[in-house]
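In: I'll drop the sequence and a predicted model, then ask my questions.
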Protein chains: 2
Amino acid sequence: MMASQTSSALVLGRGLTSHSTRLSQHQLHSLASSGVVIRRYFSAKPSRNHTNHDRERVVILGSGWAGYAVARNLDKTKFEPIVVSPRSYFVFTPLLASTAVGTLEFRTILEPIRRIPGIGFCQGWAEDIDFSNKTVRVESNAADDPASKTVVPADPIGPPGRVPKVKGEFFDISYDKLVIACGAYSQTFGIEGVREHAHFLRDIGDARRLRLRVLSLFEQCAIPENDNNTQPHLTDDDKRTLLHFAIVGGGPTGIEYAAELHDLIYDDLAKIYPRLMQFVSITVYDVAPKVLPMFDQALANYAMNTFARQGISVKTQHHLERIRPADGHLGNEHGALRIKIREYGPDNEVGAGVVVWSTGLMANPLIQKLASKEFALPATHSTYPSPVDAPLPIRKLSRDPRTGSLLTDSFLRAQYHTPSTNSDHQKKTTPQALEDVFVIGDCSQIIPSSSPTNSSISAVGTLPKTAQVASQQALHLSKTLNKNQVGIKPFTFRNWGTMTYLGSWKAIHQSSADELKGWVAWVLWRGAYLTKSMSVRNKLLVPVYWVVSWLFGRGISRF
Amino acid sequence: MMASQTSSALVLGRGLTSHSTRLSQHQLHSLASSGVVIRRYFSAKPSRNHTNHDRERVVILGSGWAGYAVARNLDKTKFEPIVVSPRSYFVFTPLLASTAVGTLEFRTILEPIRRIPGIGFCQGWAEDIDFSNKTVRVESNAADDPASKTVVPADPIGPPGRVPKVKGEFFDISYDKLVIACGAYSQTFGIEGVREHAHFLRDIGDARRLRLRVLSLFEQCAIPENDNNTQPHLTDDDKRTLLHFAIVGGGPTGIEYAAELHDLIYDDLAKIYPRLMQFVSITVYDVAPKVLPMFDQALANYAMNTFARQGISVKTQHHLERIRPADGHLGNEHGALRIKIREYGPDNEVGAGVVVWSTGLMANPLIQKLASKEFALPATHSTYPSPVDAPLPIRKLSRDPRTGSLLTDSFLRAQYHTPSTNSDHQKKTTPQALEDVFVIGDCSQIIPSSSPTNSSISAVGTLPKTAQVASQQALHLSKTLNKNQVGIKPFTFRNWGTMTYLGSWKAIHQSSADELKGWVAWVLWRGAYLTKSMSVRNKLLVPVYWVVSWLFGRGISRF
């Protein structure tokens, strides 16, 4: 426990009356009983006072696989977890594609954060972290923006369909321990038009918009033929464009969405719009020579054969270079898009009604800011004792230059180093751990302990950025925190294998132990996952929806 | 069957390339096989040709209780039903309030129109009807506007939260028989601010917006106390304003929403935000001296006593005169409202976080247009034989001057009369029926056959504008059409009684036969209703959600 510090919470007045501070009632309660006060961002001195409070506060940034699991598994008798997230829920992402095609209801894969007993919750974005004073600056999500923020907005208003963002209010939350688990944004490689026109599939709002768009495209194409005297409003070519579903990225997310979309179209929409089926096409584009790179060749071939039988085209070694709206009424009234592919030459754009983007991740703005920010650690910081009056050395968090992720030691603690001011000192600094700051999930990267640690080298033997890794890191971290064993037992990743759904009740599964194909693998694997992560409510509802959708078809009402 | 007419489908060119025509694939199919062509709005001549098609086309305007039931129950071997509706689904309105508080999932009370076998569907608004040529002009709902259009928009963009409306495309659909079942808009009495700031509860989009708003208000009020040096951002009075839920209208819809909201707050939100409960209040305002006027005094008293125990205020004989946004950050950032009530004097506005408006119905724009429009009937119209070369007399549909509804005879056929051009002819015209045009549901009013029929008198013994009446009219109409008995058996309304949920598992039920109180009544009555009107899918899902919400609480995730 830290030494307690002077407790004067001076607040400077700069426009503060137009801001608010926001914490949960639970948190308020614990605050009131512990004597800790929430301080404004501009307060001059830390005001922490731990003398009469016996639970350490763990502030958790993010409510995804990593953050949600830490919040659930921390021992609430020892810790006071406070989750900071712009979303009020956790999304069970392996079933996101299923909700995007109406097999499952959106809410069956959501777990509200506030249903976790004994935690506090602040709805907002972590905007900055003050490692010296151990506080997090939060921008409240006052507009209760229901849309995803998993991609950097192309303009101040944000991605299409997004509610214009009202500027939030700022406030500070102090922490004893901090868990940075705020994930990553979608990687668009700066390609023209992707942020403006592509659909993503990261959050529940993405799934909802994509579902509405696909169903609406079929309705738009269900127009009558005209009598012989006039041009039809939508030609057959127009319908081929609108009903071309382009998926960019041949990883599991892209492949699974293609598969689920195929099932929706051929199981359900074919009965309702039989005469439109001739115009439908699904294409998966990838720059690599092979999709599903995490699977061995035999399983990947099985996947490709399955897709070929289903009529899904897979175009490997294709480079998308631009997305733009189609000209004329097809673009203006029906939202059709034109895709430029390098391999087809500059004059051969491909038309599409929807482009789904799923090519990977990039560091989000908070991680980018943290990685470039300099800070000083107070003299009381246990790992760096220094004379009280000496100037504090400047520190910087270490980051992986390739992915932009924050580097951690094998105990998942954030690494920092002293930036070299001139060439003489370049060799003197070796990364050290911030004792109370942990980074897990998609925004983190472990430096393998065997390799020489240096802030600028790329970590070798890196873990994939998956739910599985995030989930295991979260469990490991909560256990070691609960047992007070941080720094004793390093994190090790146990690969449970990878599973991808291929449509038509087929799936492939691969792990070190076994290799499985077909729907039995799917049911076992997904069932196990579901059992581990979801509330009883959703454990009941998801199978109910599977049966209902199987018996009566998927939900197709649009609203 | 009508005499067939010349079949030249001349289309004039005025800007038609930017418009499209839109019909279902099913319809296309029947069109192709029947030789009937869809004509453009500007086509010069009717192009109907019935020689090689044996099913009469019944165009049904609306997909509510009336329109949906006609579409389901028409004999598809005798008729070709085509539903024209801006929504792609039917809403089971008795459970709308349950979805607005998260007890049920939105989609469990929706039935997609396209799931009805053997019907055609055009998503759009009926914009005008040409009774002479038997065509309906439709504006397609190209934007697939998911929001409700049950209230006249206050501005071109529409009510708050609504997607900006893209102007649709226009096309014509010809009919053999027409069923006008397009319902009514919410009555706002022209009161200032209602259209802009109140929430309605008519369509699924309304329920979704209201649910998000209520949950978001609690999150917004969950702000921390500040240290002693600063003013809190939200004072206790601010929280009392934001957590005041005002419901205007003491009919069953308003009362049920108040009851369901009470259950949500005290069953679920009280556990999550215990310290906010002191600020919560629910008030029902009504201009009448008594709420629930359709119930006798004993049952209404029981309802009022139940509400009193639950802490819901009921303010009868209160007149709301204006709704406006609150001043300062409470209005700008939190969307708080100020309500002016006549009885409280001009300077005593009441604050509220939400105002739910449920005071009654008014004629929608199509009905208003039809009621004021003049038309001529062709010589072939069976009820009005006239020499072919004589000028056709001008007709007008008869309307109820009080409600604006279209008047029908007891066979549900639209009534028309000849407008008097001078006082001499005033007595000569008596209403007659348009043989092939039926009006049912909220937009219709039956002239009791015993009373003297005149276009301008208010009908006596009018039926209430309820789902029950609309549903029975639809069943009666489909049966008489199926049996070719129109004009033989008049419609009679059988009152199955009225049921209102009062919260806390209590309900009241009243009919001529019996009087019931308590939850047994509720389960029996609602179960019976559900069985009659819903698909098997939703018959399964609704009870599942009742059990799940009862066991695990209501859905509270916001997205």
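Out: Looks like it arrived, so ask away. Residues are numbered from 1 along each chain as shown, chains lettered A, B, ... in the order given.

In: Can you show me the CA trace of stretch A:298-307 as CSV?
Out: Taking C-alpha atoms only, stretch A:298-307 is exported to CSV below (Å, rounded to 0.1, in the frame of the first residue of the first chain):
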residue,chain,number,x,y,z
ALA,A,298,-5.4,-29.3,-45.1
LEU,A,299,-8.0,-27.4,-43.0
ALA,A,300,-7.7,-24.2,-45.0
ASN,A,301,-8.2,-26.3,-48.2
TYR,A,302,-11.3,-27.9,-46.6
ALA,A,303,-12.6,-24.4,-45.9
MET,A,304,-11.9,-23.3,-49.5
ASN,A,305,-13.7,-26.3,-50.9
THR,A,306,-16.7,-25.7,-48.7
PHE,A,307,-16.8,-22.1,-49.8
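
In: Check the offset of the longest strand seen in chain A from the chain's centre.
Out: Scanning chain A for the longest strand, with DSSP state E as the assignment, gives strand A:120-130. Mean-position distance between strand A:120-130 and its chain equals 16 Å (C-alpha atoms, centre = their mean, to the nearest Å).

In: near chain B, anything from that strand?
Out: Yes - contact of strand A:120-130 with chain B (C-beta under 8 Å from any C-beta of the partner chain) involves residue A:123. Using the backbone N, CA and C atoms, a C-beta is placed for each residue, glycine as well.

In: name the helices or strands packed onto that strand?
Out: Applying 3 or more C-beta pairs under 8 Å, 6 or more residues apart in numbering or on different chains; DSSP states H and E, we find strand A:120-130 packed against helix A:25-34, strand A:79-85, strand A:135-140, strand A:170-174, helix A:365-372.

In: Pairing partners for the third one, with directions?
Out: To tie it back to what came earlier, the one meant is strand A:135-140. According to DSSP bridges, strand A:135-140 has the following sheet partners: strand A:120-130 (antiparallel), strand A:170-174 (antiparallel).

In: weakest of those strands by average pLDDT?
Out: In terms of mean pLDDT, the lowest-scoring of the strands paired with strand A:135-140 is strand A:170-174 (a mean of 86).

In: from the middle of its chain, how far away would it be?
Out: Centre-to-centre, strand A:170-174 and its host chain are 23 Å apart (C-alpha atoms, centre = their mean).

In: what's the angle between that strand and strand A:79-85?
Out: Strand A:170-174 and strand A:79-85 are oriented at 150 degrees to each other (axes from the mean of the first three to the mean of the last three C-alpha atoms, to 10 degrees).

In: Angles on the backbone of residue A:98, please.
Out: phi -70, psi -40 (degrees, to the nearest 10).

In: Quick check: the closest residue to it other than its chain neighbours vs residue A:554, distance?
Out: Using C-beta to C-beta, 6 or more residues apart in numbering or on different chains and skipping the chain neighbours, the partner closest in space to residue A:98 is residue A:104 (4.6 Å). Going from residue A:104 to residue A:554 by C-beta to C-beta, to the nearest Å gives 9 Å.

In: quick one: which of those two has more around it?
Out: residue A:104 (26 against 21; other C-beta atoms under 10 Å in any protein chain shown).

In: Quick check: that one is in a strand.
Out: No - read with DSSP: H, G, I helix; E, B strand; the rest coil, residue A:104 is coil and lies in no strand.

In: Wait, it touches residue A:95, no?
Out: Yes - counting by C-beta atoms under 8 Å, residue A:104 touches residue A:95, with 5.8 Å between them.

In: which residues do the two both contact?
Out: Residues touching both residue A:104 and residue A:95 by C-beta atoms under 8 Å, 6 or more residues apart in numbering or on different chains: residue A:542.

In: contacting residues for whichever residue of the stretch 351-500 of chain A sits closest to chain B?
Out: Nearest residue of the stretch 351-500 of chain A to chain B, counting by C-beta to the nearest C-beta: residue A:353, 13.0 Å away. Shown in contact with residue A:353 (C-beta under 8 Å, 6+ apart): A:213, A:214, A:217, A:241, A:242, A:243, A:244, A:245, A:334, A:335, A:336, A:337.

In: what's the angle between the longest strand of chain A and helix A:365-372?
Out: 30 degrees.

In: Buried ones in strand A:120-130, by neighbour count?
Out: By 16 or more other C-beta atoms under 10 Å in any protein chain shown, the buried positions in strand A:120-130 come out as A:120, A:121, A:122, A:123, A:124, A:125, A:126, A:127, A:128, A:129.

In: quick one, domains of chain A?
Out: Annotated domains of chain A cover A:16-144+A:164-186+A:362-482, A:194-222+A:234-358 [automatic domain parsing].

In: among the ones you listed, which is nearest residue B:207?
Out: With C-beta to C-beta as the criterion, residue B:207 lies closest to domain A:16-144+A:164-186+A:362-482 of those, at 13.7 Å.

In: the helices in the stretch 151-300 of chain A, which residues?
Out: A:194-197, A:204-221, A:236-242, A:252-263, A:270-272, A:297-310 (DSSP state H, counting those that start in this stretch).

In: of those helices, which approaches residue B:414 most closely?
Out: Ranking these by proximity to residue B:414 (C-beta to C-beta) places helix A:204-221 first, at 29.8 Å.

In: for the closest one, packing partners?
Out: helix A:96-100, helix A:236-242, strand A:354-357.

In: quick one: it to chain centroid distance?
Out: Centre-to-centre, helix A:204-221 and its host chain are 21 Å apart (C-alpha atoms, centre = their mean).

In: Quick check: residue A:88 vs chain B, distance?
Out: Using C-beta to the nearest C-beta, to the nearest Å, one obtains 5 Å as the distance from residue A:88 to chain B.

In: burial count for that residue?
Out: When neighbours are counted by other C-beta under 10 Å, residue A:88 registers 23.

In: With respect to burial, which of the helices and strands packed on helix A:204-221 scores highest?
Out: Among the helices and strands packed on helix A:204-221, helix A:96-100 has the highest mean neighbour count (mean count of other C-beta atoms under 10 Å in any protein chain shown), at a mean of 26.

In: Any chance you could list what contacts it?
Out: Under C-beta under 8 Å, 6+ apart, the answer for helix A:96-100 is A:104-106, A:108-109, A:201-202, A:204, A:206-208, A:210-211, A:253, A:256-257, A:259-260, A:501.

In: re the thing from before, of the contacts of residue A:353, closest to chain B?
Out: For these, the nearest to chain B is residue A:334 (7.8 Å; C-beta to the nearest C-beta).

In: pretty sure that closest one is in a strand, no?
Out: No - going by three-state DSSP, the assignment for residue A:334 is coil, not a strand.

In: related to what we said a few turns ago, select, out of the helices and strands packed on helix A:204-221, the one closest to residue A:444.
Out: Nearest of those (C-beta to C-beta): helix A:96-100, 22.0 Å.

In: Distance of whichever residue of the stretch 251-400 of chain A sits closest to chain B relative to residue A:418?
Out: Nearest residue of the stretch 251-400 of chain A to chain B (C-beta to the nearest C-beta) works out as residue A:275 at 4.4 Å. Remark: distance between residue A:275 and residue A:418 (C-beta to C-beta) = 69 Å.

In: lowest-confidence helix or strand of chain A?
Out: For chain A, scoring each helix and strand by mean pLDDT, DSSP states H and E identifies helix A:25-34 as the least confident one, at a mean of 38.

In: Kindly reformat the domains of chain A as CSV and extend each row with distance to residue B:314.
Out: Shown next, in CSV, are those (distance: least, C-beta to C-beta, whole Å):
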stretch, distance to residue B:314
domain A:16-144+A:164-186+A:362-482, 29
domain A:194-222+A:234-358, 37
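
In: Out of those, which gets the lowest mean score?
Out: domain A:16-144+A:164-186+A:362-482 (a mean of 77).

In: thinking again about what came up before, only C-alpha atoms, please: export the longest strand of chain A in CSV.
Out: What follows is strand A:120-130, C-alpha atoms only, in CSV (Å, rounded to 0.1, in the frame of the first residue of the first chain):
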residue,chain,number,x,y,z
GLY,A,120,-18.3,0.4,-9.9
PHE,A,121,-18.8,1.6,-13.4
CYS,A,122,-18.1,4.9,-15.2
GLN,A,123,-19.4,5.2,-18.8
GLY,A,124,-16.8,7.1,-20.7
TRP,A,125,-13.5,7.0,-22.5
ALA,A,126,-10.2,7.0,-20.6
GLU,A,127,-8.6,10.1,-22.1
ASP,A,128,-5.3,10.2,-20.3
ILE,A,129,-3.4,8.6,-17.4
ASP,A,130,-1.3,10.4,-14.9
